[in-house]
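Colleague: My questions concern the predicted model and sequence given below.
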Amino acid sequence: MKLSRKKENKIIKILFGLIVIISLFIISLSIYAYITAPLEVKTYPVVFIVGENPGLVINNTIIAFGKIPREGEGEKQLIMENTYNFPVEAKIFASKEIVDYLSFEEESLIIDSNSSIEFKIKLTIPKNMEFGNYSGTILIKTYRVK
């Protein structure tokens, strides 16, 4: 059975419309993914020891709190630099292994273009925490300010 010319044209127009709609949807998703994706993702190892006597560790490659007694606290001040020529938002996350012991001065920071800011990370050891070595990571995702 042969379709009439009118029906063929109608089917072609419908297919063309569907292709245009699907293409626009894919383009929109791509733009959304580009806009919401982080500019940078950095991971920093974090280590600390729970023990009787406090101790100090100096290390430039990791965030090391040293030895902290139960019910004790430690604090690190870090500097975050924005080398982009536009403002960025930095969001800070702790891994599940250490998230209950760390707190951040702010979990989201706006950094002006070509500038830097300082922020604090605080470690709090509960009174019932086992003695031992602990480690995890801090993840910092940097986004373009919207």
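Modeller: Perfect, I can see it now. Residues are numbered from 1 along each chain as shown.
Colleague: tally of neighbours for Thr125?
Modeller: One thing to correct before we go on: residue 125 is Ile, not Thr. 20 (other CB atoms under 10 Å). (C-beta placed from N, C-alpha, C; glycine too.)
Colleague: need the contact list for it.
Modeller: Val50, Ile68, Pro69, Arg70, Glu71, Gly72, Glu73, Tyr101 (CB atoms under 8 Å, 6 or more residues apart in numbering).
Colleague: Regarding the chain, what is its longest strand?
Modeller: strand 132-144 (DSSP state E).
Colleague: Name the residues of it that are buried.
Modeller: Tyr134, Gly136, Thr137, Ile138, Ile140, Lys141, Thr142, Tyr143 (16 or more other CB atoms under 10 Å).
Colleague: Quickly name whichever of the residues you listed is closest to Glu118.
Modeller: When those are ranked by distance to Glu118 (CB to CB), Ile140 comes first, at 13.9 Å.
Colleague: Please, which helix or strand holds the nearest residue to the closest one once chain neighbours are set aside?
Modeller: Nearest non-adjacent residue to Ile140, counting by CB to CB, 6 or more residues apart in numbering: Lys42, 4.9 Å away. Assigning secondary structure by DSSP states H and E places Lys42 in strand 40-50.
Colleague: where does the protein dip in pLDDT?
Modeller: 1-3, 53-60 (pLDDT under 70).
Colleague: Phi, psi for Phe25 please.
Modeller: Taking degrees, to the nearest 10, you get phi -60, psi -50 for the backbone angles of Phe25.
Colleague: so how far is stretch 17-24 off the chain centroid?
Modeller: Centroid separation for stretch 17-24 versus its chain: 34 Å, with CA atoms, centre = their mean, to the nearest Å.
Colleague: and if you look at stretch 22-37?
Modeller: The answer for stretch 22-37 is 21 Å, by CA atoms, centre = their mean.
Colleague: With stretch 63-74 instead?
Modeller: With CA atoms, centre = their mean, you get 24 Å for stretch 63-74.
Colleague: okay, the buried residues of strand 132-144 in TSV with distance to Leu29 next?
Modeller: Putting those into TSV (distance: CB to CB, whole Å) gives the following:
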residue	distance to Leu29
Tyr134	41
Gly136	33
Thr137	30
Ile138	31
Ile140	26
Lys141	20
Thr142	22
Tyr143	18
